[in-house]
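Asks: Sharing a sequence plus its predicted fold:
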Amino acid sequence: MAEGAAEAPAESGGGGGGGNPGAGEPERGVTPIKSQYLTTKEQFHEFLEAKGREEPSQETKAGDPDDNDLVEPEAKRIRLEDGQTKDGQTEEAAEQREEPQVQKRARGQNKSRPHVKPTHYDKNRLCPSLIQESASKCFYGDRCRFLHDVSLYLETKPADLGPRCVLFETFGRCPYGVTCRFAGAHLGPEGQNLVQEGLVQAPNIRNGLDKALQQQLRKRKVCFERSEQALRQLSKGRLPGPTPTAAEPEVTEADGAPEQDGCDAQQASHGNAPPSGPLRTCGPLTDEDVVRLRPCEKRRLDISGKLYLAPLTTCGNLPFRRICKRFGADVTCGEMAVCTNLLQGQTSEWALLKRHPCEDVFGVQLEGAFPDTMTKCAELLNRTIEVDFVDINVGCPIDLVYKKGGGCALMNRSAKFQQIVRGMNQVLDVPLTVKIRTGVQERVNLAHRLLPELRDWGAALVTLHGRSREQRYTKLADWQYIEQCVTAASPMPLFGNGDILSYEDANRAMKTGVAGIMIARGALLKPWLFTEIKEQRHWDISSSERLDILRDFTHYGLEHWGSDTQGVEKTRRFLLEWLSFLCRYVPVGLLERLPQRINERPPYYMGRDYLETLMASQKAADWIRISEMLLGPVPPTFVFLPKHKANAYK
């Protein structure tokens, strides 16, 4: 998994850069803020509560039961206050507070957070046949569990969240009709869905999962001939090589609908067409359809010197990537997708592969532990989606992945690792990249030994995160080691990753000789970092500008996930996950010295206005208050606890 969301996202203050020479020695590991802005925890929350009573916001007790206060200096302690317990063990929690040296194994993640399944959406939910204007009648008839009475639905539907519908204003039509939470903006006097003149087409989001392909995957009727051939060669100890002779033609459709994915269709591509009829084709037959690409003829991945947005689990969704593209990100990558889930046709996993038209250089990241599933998944994606490269995740440190042999575990399984890289490289027509860490154990670096092998196995580019699995995010990234690895990887390009939060950090990173830099948590803390690097300046962005960025994110989220109740709440939850990172940003005008460093925690401070102070709060209840400014009040039973636990400060 990439640097970020499901991990302990904060750095320890230990090591490298806590001091401020010439201005007195501040507390180690704490961001130095001008004294006139500093305050105490009590004054900070009293100010927000007093202002909050003046603001039209509801008093909700939902939020972070851990209070999510990051003032305590002890690291990796699960903090339980105000009578709250974890798994009902109050005595054990008290013992932990008394004995800080005792560490919980579940570091960095709120593993016991409540997974709220949105079952309440199905109560009084309108049947899709009444929303989709093209549908004539419900397929299920009397057996349908959804409502078919629009008037009854409107009686139980919650009030609109606002007078303007983003989808209606942007595209001239809202596909959610009466179920939209902003329906008043586009419903006529008789409840009909209005359409604006001069209709604007919605953007063509690519890489969706075709229903026919999903059925074939679920029934295991998809043939993987190229993968099986490559795997046979690997099992016999022969290195898979190019196929210079005429190979099987693959006939594909322009819209990505995989007519050739079934066994019959693949047999048809060999000239043994079934009697059911000819295969649909698109365009004239060319040499590309008949002759396979040789490795030397593969499309090159030339992204040297470009800014690469890391594949961030949970937070690196399509709306967030659109925000980063707007601020200057050059290369984007989808969230980590598990190859076995993709091969099973899981809709939620395929959603991670979706690509917005603004993403001109886009890749997907796959995670897996075995050559057969990874190679087959690569072949499947090669013929069904549009990407510029495919990345293998060999950097994920979490136990769920590591204990199954994936992620960082592949760095110690060189035979499996080689088979995965060689097999995927043979079946892909786009470049194959790999993301790794320095190693598994803290003082046992493996990357410098793996890089020459990856180059020989066929990797087009490698990204090195300058930490080991054991370190997680508790120490600074080792850029000196990354500099040594640049020589070991040559002439294969190597990207560096870790601790980039300012243009000075980016400049220092580029001096190590890397081909480019990947930005992960820095983009979560300040997505305008790409602009700062390209313009070589510090942007003292105002709170209103930051709120506008959040508003754009909610607009993109409503476009992507929908403007009905389910879409609004999904947008809200992803916004709240992002706010759990954004609160760590300290405005430039408040800093005693520039730049802010990613390993330093911000103390309690008062912003230059109420909104700036509210955005600095590290309580989930205050993040919910910000979400209510943009998406209206939360449901009565709403609860939020972020996936990560920012407890790695020291």
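Replies: Sure thing, it's come through. Here the structure is a predicted model, which means the values were calculated and not measured.

Asks: P175 falls within a helix, correct?
Replies: No. Per DSSP: H, G, I helix; E, B strand; the rest coil, P175 lies outside any helix segment and is coil.

Asks: From here on, call the first residue 289.
Replies: All right, first residue 289 from here; so that's P463.

Asks: thought it was touching L455?
Replies: Yes. P463 is within contact range of L455, at 7.1 Å (criterion: Cβ atoms under 8 Å). Heads up, the C-betas are built off the backbone N, CA and C, glycines and all.

Asks: neighbour-wise, which of these two wins?
Replies: Shown here are P463 and L455; by other Cβ atoms under 10 Å, L455 has more neighbours (22 against 17).

Asks: Dump the host helix or strand of R913 to PDB, restricted to CA.
Replies: Using DSSP states H and E, R913 maps to helix 908-919. Extracted as PDB, the C-alpha positions of helix 908-919 are listed here (Å, rounded to 0.1, in the frame of the first residue of the first chain):
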ATOM      1  CA  ALA A 908     -13.500  14.500  14.400                       C
ATOM      2  CA  ALA A 909     -16.500  16.500  15.700                       C
ATOM      3  CA  ASP A 910     -14.900  19.600  14.200                       C
ATOM      4  CA  TRP A 911     -14.200  17.800  10.900                       C
ATOM      5  CA  ILE A 912     -17.900  16.900  10.800                       C
ATOM      6  CA  ARG A 913     -18.800  20.600  11.300                       C
ATOM      7  CA  ILE A 914     -16.700  21.500   8.200                       C
ATOM      8  CA  SER A 915     -18.500  18.800   6.200                       C
ATOM      9  CA  GLU A 916     -21.900  20.200   7.300                       C
ATOM     10  CA  MET A 917     -20.800  23.600   5.800                       C
ATOM     11  CA  LEU A 918     -20.500  21.800   2.400                       C
ATOM     12  CA  LEU A 919     -22.900  18.900   2.500                       C
END
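
Asks: From P890, how far off is the nearest residue to K322 once chain neighbours are set aside?
Replies: Take K322 and drop its neighbours on the chain: the residue closest to it by Cβ to Cβ, 6 or more residues apart in numbering is E880, 5.3 Å away. E880 sits 12 Å away from P890 when distances are taken as Cβ to Cβ, to the nearest Å.

Asks: Compare neighbour counts for the two and give me the winner.
Replies: P890 (19 against 14).

Asks: For that one, give me phi and psi.
Replies: phi -80, psi 140 (degrees, to the nearest 10).

Asks: Could you pull up the residues touching it?
Replies: Neighbour list for P890: 318-319, 321, 872, 874, 904 [criterion: Cβ atoms under 8 Å, 6 or more residues apart in numbering].

Asks: Go again with 7 Å.
Replies: 319, 872, 874, 904 (Cβ atoms under 7 Å, 6 or more residues apart in numbering).

Asks: Which one of those residues is nearest to R520?
Replies: R872 (50.6 Å; Cβ to Cβ).

Asks: Wait, the closest one touches L812, no?
Replies: No. Applying Cβ atoms under 7 Å as the test, R872 and L812 come out as separate, 8.7 Å apart.

Asks: distance of the residue nearest to K322 from L813?
Replies: Counting by Cβ to Cβ, the gap from E880 to L813 is 18 Å.

Asks: Please name the residues that touch D618.
Replies: 591, 594-596, 649.

Asks: Now the two most distant members of these.
Replies: So, the contacts of D618 by Cβ to Cβ: farthest apart are L595 and V649, at 10.6 Å.

Asks: Which of these two has more residues huddled nearby?
Replies: The neighbour count for L595 versus V649, taken as other Cβ under 10 Å, is higher for L595 (24 against 17).

Asks: Need the pLDDT of the more buried one.
Replies: Note on L595: pLDDT of 96.

Asks: Then the one 3 residues further on?
Replies: If you check A598, the pLDDT there is 96.

Asks: now do A904
Replies: pLDDT, A904: 94.

Asks: And it, how far from E833?
Replies: Taking Cβ to Cβ, one finds A904 at 15 Å from E833.

Asks: These two: which is more packed in?
Replies: A904 (25 against 11).

Asks: wait, isn't the more buried one in contact with G895?
Replies: Yes. Taking Cβ under 7 Å as the definition, A904 is a contact partner of G895 at 5.9 Å.

Asks: for the helix holding R913, packing partners?
Replies: With contacts taken as 3 or more Cβ pairs under 7 Å, 6 or more residues apart in numbering; DSSP states H and E, helix 908-919 sits against helix 831-849, helix 853-870, helix 898-903.

Asks: Between the two ends of stretch 620-639, how far is it?
Replies: 15 Å (Cα to Cα, to the nearest Å).

Asks: Which parts of the protein are strands?
Replies: In the chain, the strands defined using DSSP state E lie at 595-597, 620-626, 650-655, 677-682, 720-727, 749-756, 782-785, 804-807.

Asks: Provide the strand pairings for the second one, with the direction of each partner.
Replies: When pairing is defined by DSSP bridges, strand 620-626 lines up against strand 650-655 (parallel).

Asks: Now do the strand it pairs with: everything it contacts.
Replies: With Cβ under 7 Å, 6+ apart as the test, strand 650-655 has contacts from 599, 620-622, 624-627, 641, 643, 662, 665, 669, 675-681, 684, 689, 694-695, 721.

Asks: returning to that earlier point: who wins for proximity to G450 among the strands of the chain?
Replies: strand 620-626 (29.0 Å).

Asks: Buried by neighbour count: which residues of the closest one qualify?
Replies: Going by neighbour count (16 or more other Cβ atoms under 10 Å), the buried part of strand 620-626 is 620-626.

Asks: just curious, which of those is nearest to Y761?
Replies: M624 (16.8 Å).

Asks: Could you verify my assumption that that closest one touches C603?
Replies: No. Applying Cβ under 7 Å as the test, M624 and C603 come out as separate, 11.9 Å apart.

Asks: Identify the residues contacting the residue positioned nearest the centre of the chain.
Replies: For the chain, the residue lying nearest the average C-alpha position, counting by Cα atoms, centre = their mean, turns out to be G604 (2.4 Å). Residues in contact with G604 (Cβ under 7 Å, 6+ apart) are E623.

Asks: confidence score at it?
Replies: At G604, pLDDT is 94.

Asks: Backbone torsions only: list them for it.
Replies: The phi/psi pair for G604 (degrees, to the nearest 10) is phi -90, psi 40.

Asks: now it: how far from V715?
Replies: Taking Cβ to Cβ, one finds G604 at 26 Å from V715.

Asks: How about W767?
Replies: Taking Cβ to Cβ, one finds W767 at 35 Å from V715.

Asks: Tell me which of these two has more neighbours.
Replies: Ranked by neighbour count (other Cβ under 10 Å), W767 and V715 place V715 first, with 26 against 19.

Asks: My read is that the more buried one contacts L668, right?
Replies: No. The criterion here is Cβ under 7 Å, and V715 misses it with L668 at 9.1 Å.

Asks: In CSV, list the C-alpha atoms belonging to stretch 430-443.
Replies: Taking Å, rounded to 0.1, in the frame of the first residue of the first chain, the C-alpha atoms of stretch 430-443 are listed here in CSV:
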residue,chain,number,x,y,z
ASP,A,430,-44.2,-7.7,-6.8
ARG,A,431,-40.9,-9.3,-5.5
CYS,A,432,-39.1,-5.9,-5.6
ARG,A,433,-38.0,-4.7,-2.2
PHE,A,434,-37.9,-1.0,-3.2
LEU,A,435,-40.7,1.5,-3.2
HIS,A,436,-42.8,2.1,-6.3
ASP,A,437,-45.0,4.9,-4.9
VAL,A,438,-43.2,8.3,-5.6
SER,A,439,-45.6,10.2,-3.3
LEU,A,440,-44.9,7.8,-0.4
TYR,A,441,-41.2,8.1,-1.0
LEU,A,442,-41.4,11.9,-1.0
GLU,A,443,-43.2,11.8,2.4
